[in-house]
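S.K.: Sequence below, structure please.
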Amino acid sequence: MLFLAVVAASLLLSSSASRDVCRTIEGAISRSSSVYYPGSANYTRDISHWSAASSQPSLCSVEPGTAKDVGTILRILGETRTKFGVKGGGHATNPGFSDTPGVQIAMYRFSQVEYDASTQTVAIGTGLIWDDVYAVLDRLGVNVVGGRVAGVGVAGFALGGGYSWLTNQHGLTIDTITEIELVKPDGSVSRITHESDPALFFALKARPCPSIDLLY
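M.R.: Sure, this is the predicted structure:
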């Protein structure tokens, strides 16, 4: 019984120490972002995925609202060596793809769909699913090389290549990306294009899923 009591105490201490990371993030981010804890409705939404197999309890969830806050969050997670997951549309099916026992980052607040008629391009936030994107673009009479079924997230679909109903005419979704706004592991924010950094732009589009950076 003493052994069990010591183990339980050490686990409680470990969990408490880990939750300090959540409080550190909460104190460092702006009012545009929020941290949520188990028991709240936002936390439950943030850790939930399309597939129950890809959902697990996290220490806390964070909804960043600005690129600067995303950088702040990543910097703190790196300094504390804390596990984290990044959820875009939440359509992941495999454990560990975008869920985590550490800090769950949910990109819901990156929900912009901004069409530029002069360049025939659209800026899309990675917290959206394609249904949201089509709802905006349909009213403008334009379309995009995106997902084929309801509920699929923008981020994972695009970074995975993205086979669309329009692929025969225009290629994969990732082939149509002209600019990526990137938050690097050190917290810095950059806009990456073929002209600004051809090697990094190619690498971001060539990898099947993100591992060293955060796109939004």
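
S.K.: From now on I want contacts and neighbour counts done on CA atoms only, so please keep to that.
M.R.: Fine.

S.K.: which residues of the protein fall in helices?
M.R.: Under the criterion DSSP state H, helices of the chain are mapped to 2-28, 41-47, 67-80, 130-140, 154-159, 167-170, 198-206.

S.K.: Now do the second one: everything it contacts.
M.R.: The one in question is helix 41-47. 36-38, 55-58, 60-62, 87, 99, 104-106 (Cα atoms under 8 Å, 6 or more residues apart in numbering).

S.K.: Separate out the buried members of the residues you listed.
M.R.: By the neighbour-count criterion of 16 or more other Cα atoms under 10 Å, the contacts of helix 41-47 include these buried positions: 36-37, 55-58, 60-62, 87, 99, 104-106.

S.K.: and the residues you listed as TSV, adding pLDDT and distance to V183?
M.R.: Formatted as TSV, these follow (pLDDT from 0 to 100; distance: Cα to Cα, whole Å):
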residue	pLDDT	distance to V183
Y36	97	22
Y37	96	24
S55	90	24
Q56	92	25
P57	94	25
S58	95	22
C60	96	21
S61	97	18
V62	98	16
K87	94	15
D99	92	19
Q104	96	16
I105	96	13
A106	96	15
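
S.K.: Name the nearest of the residues you listed relative to G187.
M.R.: Proximity of the buried ones among the contacts of helix 41-47 to G187 (Cα to Cα) peaks at I105, which lies at 14.5 Å.

S.K.: separation between that closest one and P198?
M.R.: 28 Å (Cα to Cα, to the nearest Å).

S.K.: pLDDT below threshold where in this protein?
M.R.: 1-18, 207-216 (pLDDT under 70).

S.K.: If we use 50, what do you get?
M.R.: Across the chain, the ranges flagged by pLDDT under 50 are 1-14, 17, 209-214, 216.

S.K.: Can you report how many residues neighbour D46?
M.R.: 25 (other Cα atoms under 10 Å).

S.K.: for G127, same thing?
M.R.: Residue neighbour count, defined by other Cα under 10 Å, stands at 23 for G127.

S.K.: Report the contact partners of D116.
M.R.: The neighbourhood of D116, defined by Cα under 8 Å, 6+ apart, consists of V122.

S.K.: which residues does it bridge with?
M.R.: Per DSSP bridges, residues listed as beta-bridge partners of D116: T121.

S.K.: now swap in V183 and tell me
M.R.: Per DSSP bridges, residues listed as beta-bridge partners of V183: V189, L214.

S.K.: So it sits against D69, correct?
M.R.: No: V183 is beyond contact range of D69, at 9.9 Å (criterion: Cα atoms under 8 Å).

S.K.: Which ones among the buried ones among the contacts of helix 41-47 map onto strands?
M.R.: With strands identified by DSSP state E, the entries of the buried ones among the contacts of helix 41-47 that belong to them are Y36, C60, S61, V62, K87, Q104, I105, A106.

S.K.: Would you mark the buried spots in stretch 110-126?
M.R.: Buried residues in stretch 110-126, defined by neighbour count with 16+ other Cα under 10 Å: F110, S111, Q112, V113, Y115, V122, I124, G125, T126.
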